[in-house]
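Visitor: What shape does this take:
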Amino acid sequence: QDTIIHNEEPVLPALPHVPPSFVGKTWSQIMHEDDIKIEALVRDFKEGRFHCHFNSEPSANCTGKRMRRK
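Guide: Prediction:
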């Protein structure tokens, strides 16, 4: 379900500081895609599905339980 918005908003050019996934898109398109991703993460969290994005540390167990501080 891609939403096409016809307006005069400029698209981002391919510059060194612009991420490749942003090139050719408007800020509105980027923000819309970001909102969709955030909504999906929130929905997964509310349904009890946890995703571990940072598992390089042994303390990152991603079980949803609080870690006890020493």
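Visitor: from here on, contacts and neighbour counts on C-alpha atoms
Guide: Fine.
Visitor: show me where the protein has helices.
Guide: 27-46 (DSSP state H).
Visitor: so where is this structure shaky, pLDDT-wise?
Guide: 1-7, 51, 53, 55-70 (pLDDT under 70).
Visitor: Kindly recompute the last result at 80.
Guide: 1-7, 50-70 (pLDDT under 80).
Visitor: Strands of that one, residue ranges please.
Guide: Using DSSP state E, no strands are found in the chain.
Visitor: Now do Ile36 against Ile30, distance only.
Guide: Going from Ile36 to Ile30 by CA to CA, to the nearest Å gives 10 Å.
Visitor: Could you do Ser21 as well?
Guide: 9 Å.
Visitor: quick one: which of these two has more around it?
Guide: Ile30 (13 against 9; other CA atoms under 10 Å).
Visitor: Contact partners for Gly48?
Guide: By CA atoms under 8 Å, 6 or more residues apart in numbering, the contact list for Gly48 is empty.
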